[in-house]
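A.B. asks: Sequence and predicted structure below; questions after.
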Amino acid sequence: METTSFLLLRLAIAISMFGHGLVRLPKLTTFSNWMIGSFENSMLPKFIVTPFSYVLPIAEFAIGLLLILGLFTKPSLIAGGFVMLALLFGTSMIENWEAIPSQLIHIAFFALLLHFIDYNSWAIDTFLIKK
């Protein structure tokens, strides 16, 4: 039963990340311009925001896809946690307090899944790693 619960939680966060990346990739420049505009009055300089705005959708898509497949699950969960921490910091810098609960929930999912990583049996990882 624990393995099924883990799978459901893994797929939930995976679909969220995958979906965020998937819808942003076709309009990457538009998304980047929106993000840069959102940060123009923040303490973060444009030379940091610009590359992050292009990398973020790719990272979300890749992390989501890997988690859906259950491939490199532990590194993907760690990467996802760090992406969300970066987003949390950025959200604080622009005082978008309404977005913070969602980001904290994502971080909680990543932390919970990392804590129970041993239940990750419905994954490609289990076929690649000999126990």
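C.D. replies: Looks like it came in fine. Numbering: from 1, shown residues only.
A.B. asks: contacting residues around the residue nearest the centre of the chain?
C.D. replies: The residue lying closest to the centre of the chain (CA atoms, centre = their mean) is G80, at 3.9 Å. Residues in contact with G80, defined by CB atoms under 8 Å, 6 or more residues apart in numbering, are I13, M17, I63, L67, H106, F110. Glycine gets a C-beta too; all of them are placed from N, C-alpha and C.
A.B. asks: cool, and P57?
C.D. replies: Counting by CB under 8 Å, 6+ apart, P57 has contacts H20, G21, R24, L25, L28, F31.
A.B. asks: And what about S121, helix, strand or coil?
C.D. replies: At S121, secondary structure determined by DSSP: H, G, I helix; E, B strand; the rest coil is coil.
A.B. asks: Could you say which helix or strand holds the residue nearest to the centre of the chain?
C.D. replies: Assigned by DSSP states H and E, G80 belongs to helix 73-93.
A.B. asks: Flag every buried residue along that helix.
C.D. replies: Judged by neighbour count (16 or more other CB atoms under 10 Å), helix 73-93 contains these buried residues: T73, S76, L77, A79, G80, G81, V83, M84, L87, L88, G90, T91.
A.B. asks: any idea how far the fifth one lies from L113?
C.D. replies: Separation of G80 from L113 (CB to CB, to the nearest Å) stands at 9 Å.
A.B. asks: No further queries at this time; thank you.
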